[in-house]
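Peer 1: Sequence and predicted structure below; questions after.
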There are 6 protein chains.
Amino acid sequence: MEAAREVAPLVIVPLGSCEQHGRGMALQTDTVRAVELAKLVAERMAPRAVIAPETTVGLSEHHMGFPGTLTLSPQTLQQVIYEIVHSLHRHGWRKVFLLNGHGGNNAVVDIASIRIRADFPDMHLASSGISALVPDVISQEGVSELRGHSCEVETSQALYLAPELVRTESLVPGTHRRSDLDPAGRLSRMHPAIHFPQPYHRLDPNGALGDATVASAEFGERQVNAALDRLTSFLEQFIALPLPGTPSAPATPHSV
Amino acid sequence: MEAAREVAPLVIVPLGSCEQHGRGMALQTDTVRAVELAKLVAERMAPRAVIAPETTVGLSEHHMGFPGTLTLSPQTLQQVIYEIVHSLHRHGWRKVFLLNGHGGNNAVVDIASIRIRADFPDMHLASSGISALVPDVISQEGVSELRGHSCEVETSQALYLAPELVRTESLVPGTHRRSDLDPAGRLSRMHPAIHFPQPYHRLDPNGALGDATVASAEFGERQVNAALDRLTSFLEQFIALPLPGTPSAPATPHSV
Amino acid sequence: MEAAREVAPLVIVPLGSCEQHGRGMALQTDTVRAVELAKLVAERMAPRAVIAPETTVGLSEHHMGFPGTLTLSPQTLQQVIYEIVHSLHRHGWRKVFLLNGHGGNNAVVDIASIRIRADFPDMHLASSGISALVPDVISQEGVSELRGHSCEVETSQALYLAPELVRTESLVPGTHRRSDLDPAGRLSRMHPAIHFPQPYHRLDPNGALGDATVASAEFGERQVNAALDRLTSFLEQFIALPLPGTPSAPATPHSV
Amino acid sequence: MEAAREVAPLVIVPLGSCEQHGRGMALQTDTVRAVELAKLVAERMAPRAVIAPETTVGLSEHHMGFPGTLTLSPQTLQQVIYEIVHSLHRHGWRKVFLLNGHGGNNAVVDIASIRIRADFPDMHLASSGISALVPDVISQEGVSELRGHSCEVETSQALYLAPELVRTESLVPGTHRRSDLDPAGRLSRMHPAIHFPQPYHRLDPNGALGDATVASAEFGERQVNAALDRLTSFLEQFIALPLPGTPSAPATPHSV
Amino acid sequence: MEAAREVAPLVIVPLGSCEQHGRGMALQTDTVRAVELAKLVAERMAPRAVIAPETTVGLSEHHMGFPGTLTLSPQTLQQVIYEIVHSLHRHGWRKVFLLNGHGGNNAVVDIASIRIRADFPDMHLASSGISALVPDVISQEGVSELRGHSCEVETSQALYLAPELVRTESLVPGTHRRSDLDPAGRLSRMHPAIHFPQPYHRLDPNGALGDATVASAEFGERQVNAALDRLTSFLEQFIALPLPGTPSAPATPHSV
Amino acid sequence: MEAAREVAPLVIVPLGSCEQHGRGMALQTDTVRAVELAKLVAERMAPRAVIAPETTVGLSEHHMGFPGTLTLSPQTLQQVIYEIVHSLHRHGWRKVFLLNGHGGNNAVVDIASIRIRADFPDMHLASSGISALVPDVISQEGVSELRGHSCEVETSQALYLAPELVRTESLVPGTHRRSDLDPAGRLSRMHPAIHFPQPYHRLDPNGALGDATVASAEFGERQVNAALDRLTSFLEQFIALPLPGTPSAPATPHSV
């Protein structure tokens, strides 16, 4: 295993969710997208990367209006991520990448990462989502005004990465125009820097934002390939980075 | 006080930090900016808004390389925000806005908000930062390639909102070109969706990113006025929103 | 989904681990055995049972001497189980069965169950391991004096349920005679009611107790079929049970 | 005290409960049985063992249907055990034995022990219950089909160890045939490896399982003497064990 | 038991410690003093009071310089007290008195009480120490300038309440003049409102403050009888109090 | 900043509250009194003391009957204090004084201090309230029989330290005679050593105990000056104290 660490100094941890994905996609869509993308990344980085077990339940409180969704509390999900990385650290890994398939996990990933960096300062830890890696690829496509969950973007990724997640015949358009939202929903979309998220059962009767019926495996492939290029470009440099040393005291004083 | 709640149904909670702000700004810069902006917002909304006590220490682990910085753990800061809002809820307030002066608090604010929304579903809670409200105003100004802490953006806000925070004669340019960063620093700026933050004492010897020496009260005023317009526009509609009812079960089934 | 609950009132939650399994079995052996057995159970109970996402990391502190093993703390694993069942309860499920593929999780499963029963007294919750269901089938086979991890029992289950978990050519006998243990190891096996567990790297250089080289898919099949019979016999009656009512006060006083 | 540690390197920690014991036994029955047995063990080991203060409240949620029962949460009881042993460790003791008088504490004892072993790897910690030490002595006696709480086994131990715990004239037979249980109760006894415990007020109107009216001090003496023999035989070897060293890395790699 | 609650509406919970008491008193001195005083109180209040199991380990961090002392963390001790009272509340008791034998527990008792009052507003909860009840009786006696632990006051109580706690021949005077303290010790006694406690091994080589050699059972009896009078006078009125109703909103508004 | 630590080795942390102060004083009265007194202390100690950011919300559960009051839980307030001092410790400060403006924080301050002393034994930490420093000055004044919140004592301090806190024309006498209390209120004042606190809305319709209408800035000045003298006298010696060394094992054994 010490040998394994030498050969594969990078660990990718896929983070998923178990949550409603509208009428036509599986509860485990986020988990599977993260795992499948992780495999593609690991292939490109082979043999220098291994994949840790995926987390199968995320932070999905805003989807709990739909049965089948499961959610961990933010604190518990933080601990799960923290303790997985802690275990890897105990075995000597020092380069870990969290590949997050579910946007709802973002703040938890950030906080777990802050705690990990504070407690294990000799390690490099980075993270990303999937769709956020390729906003340019997405906007080129002419997507819906409103989108973000079980939409054409995510459904296309699923169709390319794991088509068994999608029951195409069941797909229906979700709410995809701001004008179709109720007042709180519209206000929640007023300014990207003002956070006022609404539970999904208030946004769409089927829990989808965007139009999954226009999804295609080809659009998914374009997204995935671009994401893969950007991730591997980052990870090549990430693997090459020297480990952070002990924090050195700053040279210059500051006013209290 | 019931009367107070009738007259002032909105509570603004300013969230600050106690952290290094380079050689020329005070440790309490974030707190004071949030409090001063809250006062301006409350003035515009008068008499419909009151201001709760500000939090004076935030999540500043990444600034702890500089003495004088204090930090709470993410979990403790979450609890502080949660319990302040819980107290307000016990007294009957149902519209609360968290005005966050410190970007480092963002993930904590998100998670506290998720927990509050889950536990007090009859309340409307929203939040924002300051600079993030006005990216267009900032980019018009021709700011540094790298910026984000004790830079011309933040220093200008301070010069306008509370000039006593700034010792102009001590200001020096911080790191403001990507090429001046070390390899980890450069990698941390490679793609906005890949999170790989570095502690500030690795980014700049004085803990600043951007060039505070080109700050001006006038630039601060333009930022603040635009932020104020956008916040009050949001808050007018926020106050007018009906309270969320009991979550109703969705009408349509989903696949497990 | 309400329809789903009507049709499938029983949820099976597979509980796994990510831990070393000697030289010839995969880290995810416990998880996969639990998931595969859950599928067989759900098939027999179809359409009355659904399977929740599996937990992929368990309590494996005693295997942390071997790199690749990951462990959650007992408290975190408890919370994960608690919150999964809580989510199911929020959606209306009242019959949940925890199918635990890893003996090291046992105490955590018991405690999570005690808390769940206390907090959700209108629910029926039960749990079991796998090998513990068929001690008679196992002892008929003439197994090693010492066994219990990556032994002929577990390896046979894996060969039957998911042969891809096993690299047969790498299997070597683990420590399988008490006399081969060191003094603490021997003492740990002195009396079944005296708990004095030893970390696995002190018990065997490859982390196995028992002789995996004599495993066979046929022995695995005999175990699995017996386990399946016993589980489904229990679950038929479990599904048929009326839900527990509000606890009624006992009729007779007791001495303080 | 260093002297005390030299003379008495073993500490016995008795773990009790405060819970209903049917109509004829005291709430503190488990605590007193553990303390009295600890005294007998310490006598046999004299002067090499000391007894720590007993815990007087355990995990008794399943008995809370009967007033007078007190219960700690699993997490709190874990912490109490953990912190008692931690205190002993800080003073230099390295051999600790938890003598548990209450079966309901078992999972908590296991988890506290796992945490203690992980955090204090230079210590030897072991534990046991009482009745579980002598199943052969018990089954020789021809006891009830159902038993396990305030039954002839436990009452006999009390009559021998501390007869003031028992009001013989108040003893009545508890539920002692499976056929007298309700359906959930019967199902809970279907297979020893399937955990489906029921609260005691659903099992018997007086909270007893088994027939205390056939208890005798003589049967208690036989049990206690056998338990004593087995415990002291274990503890002699336990005291003689060298302390565990720093965990050495295993020699052979494992597959991820 | 409902009957018991009718007859005995008051529960007394004795709170103890396991900590060094100088050269001549037992580790369990605080616990036994609290239990014995509780018995005397319950006798006077008979049959209206019952005694709950005592806590046997308290908050004794400041005595951990002396082997044999055990300590719980403040949070754990709080939880133990909270959960004992919670259990009593679940059974219907509404008048609980915490009788605290160890001054080091005071802040924990206060905080547990605050939490209990907030969570169970229909209950009356009160608490006291022992020596603090009779400062006048103590000062009449002409005691040492410095005292407070294993001193003539506490030793006299022990000699009266449970003489087996004291090995009279081993008693030696502890530090009993301020001038014998080191500078930090002297400063810790400068002003009663300035808290600057020092660990006991810095105050006295044997851990005692005061002169136990002048203790007497007679002085103990005077203290105990006065404490008993004051406690029972309070408890008579405490039992007679109506239960607190739902908190009514105050009639008059206050400024924010 | 290392320079700052050399020049200013003492940090004062003001602790406040946000709670009702009767009809005529501001919610932030405790915070402001603590901050203003801290400034006066720091002036006298200049340049050897710096002031950390104040905590603005305290433990005020007993005032929650009055809207506008905010409260943290005891555990959260403990953590805030703990983490502020921990941050200071990380930067090298070893002399910290907690100046507490709110009596309701006392037990929390004590417990946070106990934890800090245990975890950072190389630091000196002390604390005090304000009014408790000058009981003699207060009793000379002929104050009300009942007092303690928004009374002449506190209002006078406010009038001297920060007169903007007081709306003199709104002041009304609070409950100031024991005979005006209800039975629980009277019982809560029976003996100073018996703790039976009542929520303030049960003690006075305006939440005040004592008579604020007789307050004066002059009485406030006398209190503040005396408090200042006593604090600075303590702090001079506190600064001069050598740091505590590693706890040395005590020389003499004690009985278990």
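Peer 2: Received, thanks.

Peer 1: Which stretches in the stretch 51-200 of chain A count as helices?
Peer 2: Assignment of helices within the stretch 51-200 of chain A using DSSP state H, counting those that start in this stretch yields the ranges A:74-90, A:106-119, A:135-139, A:152-161, A:183-188, A:200-203.

Peer 1: how about the ones you listed in JSON lines, adding mean pLDDT?
Peer 2: As requested, the helices of the stretch 51-200 of chain A are exported to JSON lines (pLDDT from 0 to 100):
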{"stretch": "helix A:74-90", "mean pLDDT": "98"}
{"stretch": "helix A:106-119", "mean pLDDT": "98"}
{"stretch": "helix A:135-139", "mean pLDDT": "97"}
{"stretch": "helix A:152-161", "mean pLDDT": "98"}
{"stretch": "helix A:183-188", "mean pLDDT": "97"}
{"stretch": "helix A:200-203", "mean pLDDT": "96"}
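
Peer 1: between those, which one is nearest to F:H102?
Peer 2: Using Cβ to Cβ as the criterion, the shortest distance between F:H102 and the helices of the stretch 51-200 of chain A is 28.5 Å, found for helix A:74-90. No exception for glycine: its C-beta is placed from N, CA and C like everyone else's.

Peer 1: OK, contacts around the spatially closest residue to A:L10 that is not a sequence neighbour?
Peer 2: When the adjacent residues along the chain are set aside, A:L10 lies closest to A:A49, with 4.3 Å between them (Cβ to Cβ, 6 or more residues apart in numbering or on different chains). Each residue near A:A49 by Cβ atoms under 8 Å, 6 or more residues apart in numbering or on different chains is listed here: A:A8, A:L10, A:V11, A:I12, A:V41, A:A42, A:L235.

Peer 1: okay if I get the residues you listed as a markdown table plus pLDDT?
Peer 2: As requested, these are exported to a markdown table (pLDDT from 0 to 100):
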| residue | pLDDT |
| --- | --- |
| A:A8 | 97 |
| A:L10 | 98 |
| A:V11 | 98 |
| A:I12 | 98 |
| A:V41 | 98 |
| A:A42 | 98 |
| A:L235 | 98 |
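
Peer 1: Ranking by neighbours, what's the top pick from those?
Peer 2: The most neighbours of any of the contacts of A:A49, using other Cβ atoms under 10 Å in any protein chain shown, belong to A:I12, which has 24 neighbours.

Peer 1: Surely that residue forms part of a helix?
Peer 2: No: residue state for A:I12 (DSSP: H, G, I helix; E, B strand; the rest coil) corresponds to strand; a helix is not indicated.

Peer 1: Next, the contact list for whatever residue of the stretch 1-150 of chain A ends up closest to chain E, please.
Peer 2: Distances from the stretch 1-150 of chain A to chain E, computed as Cβ to the nearest Cβ, single out A:Q75 as the nearest residue at 16.2 Å. Taking Cβ under 8 Å, 6+ apart as the criterion, A:Q75 is in contact with B:Q75, C:Q79.

Peer 1: one more time with 6 Å
Peer 2: Remark: with contacts taken as Cβ atoms under 6 Å, 6 or more residues apart in numbering or on different chains, A:Q75 is in contact with nothing.
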